[in-house]
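1. kindly return the folded structure for what I paste below:
(one chain, ligands or ions: 1)
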Amino acid sequence: MKNNYDTEHIRSLVRPDCVHRDVYIDPEIFNLEIQRIFARSWNYLCHESQLPDTGDYLTADIAGNPAIVIRHDDHTIKVLHNRCAHRGAKVLENTQGSARVLNCIYHGWRYGADGELLSIPCRDNYRNTDVENNQAHYRLPEIRSESYRGFIFANRSHHAPALSDYLGGARRALDNMIDRSPEGQIEAVRGSFRAVYLNNWKIYLENLHDGMHPLHVHQSSIAASRAQIDSIEKTPGKTPPLALQLMQANAQGYREMEELEVTCYEHGHSDMRGFRNPDNAADPAYRDYLDRHRASYGEEKSAAILNMNLHNVNFYPGASAHPRFLQMRVIRPLAVDRTVIEISVFRWKGVPEEINRK
Ligand code: FES
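-> Residues are numbered from 1 along each chain as shown. Got it, this is the predicted structure:
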């Protein structure tokens, strides 16, 4: 494809006071973003608890390239290209599953969980070919991957900094999500919420730090939750459930929204602090949680962890965490005007189910 954009042209599209619409609608810019941003960045794939046993796998997309994330025999997690060395078919089609041997869906070439080619149907027909003479070359190549406290990321570039350096100050969101667990451990809840948005990936990412939209876009849920809360509060001693209070947090006024603090980090990451929190001090399950947390960390450290009020924390370009809600969102661009959003939820290990449900 002909490239109409040089660096100067791209730079001219973004000004301090406005952004040219081509940044959001031009397929050529989109292709450049995939090549130059997503293919050179650390892309969040999953949490290690999603692959507890040998052979557990899920399939993913890294900058437009299909990939397999799999738990190997030695219990490490490997990220492999999901393209068969024979004729390039996807080896695995399912979004997740478990397999000791990866069997290509097209002609049945079989690979190990480390990507090594194990067997080929009708092997005799390959006598004196490169497949026979150079078999080690015919494999599913491994993609560079690293874990930060159980969160698995992959990067197609070997020139990118180490994951921990890349995440930089934004790491504290992942630390905080884990440290909110009284036992310092979290695990993914099975399943996820996935939706295709008919917009550019940057619209979604930027919206996560847009404090001016909730009063308008979330108007219907604000009104519905207000009505429910009013009705519940008519009964003495009853407090509205957390979910309703969270919807009401979107009703905070412009002044409060303007006071939200957004911090930007190197490599494009950012977080937002100061969003209104629900009042759950009277909830017995929350008090139980608080006691457990203080017992684990001590009064002072526990308060420091729980008072860190991070709202949406964006790991540029394709992920966003909410430490308090134990959520991780993956933002996966499909086309200039189509984006998949996948939300996974976590639970604290070692606490009663009632606390996790809240
Ligand atoms: S493409 Fe995989 S076995 Fe032929």
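
2. when you work out contacts or count neighbours from here on, use the C-alpha atoms and nothing else.
-> Will do.

3. same for the lowest-mean-pLDDT helix or strand in the chain, what does it pack against?
-> Within the chain, judged by mean pLDDT, DSSP states H and E, the helix or strand with the poorest mean is helix 353-357; its value is a mean of 82. Judged by 3 or more Cα pairs under 8 Å, 6 or more residues apart in numbering; DSSP states H and E, the packing partners of helix 353-357 are helix 284-297.

4. so after the helix it packs on, what's the next helix or strand?
-> Stepping forward along the backbone from helix 284-297, the first helix or strand reached (DSSP states H and E) is helix 299-306.

5. quick check: buried residues in that following helix?
-> Using 16 or more other Cα atoms under 10 Å as the test for burial, helix 299-306 gives Ser302, Ile305, Leu306.

6. doesn't Leu58 make contact with Ala99?
-> No. Counting by Cα atoms under 8 Å, no contact exists between Ala99 and Leu58, whose distance comes to 10.5 Å.

7. between these two, which one's more packed in?
-> Here Ala99 and Leu58 are set side by side on neighbour count (other Cα atoms under 10 Å), and the busier one is Leu58, at 22 against 16.

8. number of nearby residues for the residue of the stretch 151-300 of the chain found nearest the ligand?
-> Using Cα to the nearest ligand atom, the closest approach of the stretch 151-300 of the chain to the ligand is made by Arg156 at 22.1 Å. Using other Cα under 10 Å, Arg156 has 19 neighbouring residues.

9. same question for Asn207.
-> Counted with other Cα under 10 Å, residues neighbouring Asn207 total 12.

10. got it, and Ile62?
-> Neighbour number of Ile62 under other Cα under 10 Å is 25.

11. how long is stretch 193-212 end to end?
-> 25 Å (Cα to Cα, to the nearest Å).

12. and if you look at stretch 310-320?
-> Taking Cα to Cα, the span from the opening residue of stretch 310-320 to its closing residue is 12 Å.

13. can I assume Val14 is in contact with Arg21?
-> No. Counting by Cα under 8 Å, no contact exists between Val14 and Arg21, whose distance comes to 9.5 Å.

14. so for those two, which sits in the more crowded spot?
-> The residue with the greater number of neighbours, taking Val14 and Arg21 and applying other Cα under 10 Å, is Val14; the counts read 13 against 10.

15. right, and Gln245 touches Pro278 too?
-> Yes. With contacts defined as Cα under 8 Å, Gln245 counts as touching Pro278 at a distance of 5.5 Å.

16. those two: which is more packed in?
-> With other Cα under 10 Å as the criterion, Gln245 and Pro278 differ in neighbour count, and Gln245 comes out ahead with 20 against 16.

17. quick check: buried residues in the helix or strand encompassing the more buried one?
-> Here Gln245 is covered by helix 242-249, with elements defined by DSSP H and E. Residues of helix 242-249 classed as buried under the neighbour-count rule (16+ other Cα under 10 Å) are Leu244, Gln245, Leu246, Met247, Gln248, Ala249.

18. same question for stretch 269-283.
-> Along stretch 269-283, these residues count as buried under the neighbour rule (16+ other Cα under 10 Å): His269, Ser270, Asp271, Met272, Arg273, Phe275, Arg276, Pro278, Asn280.
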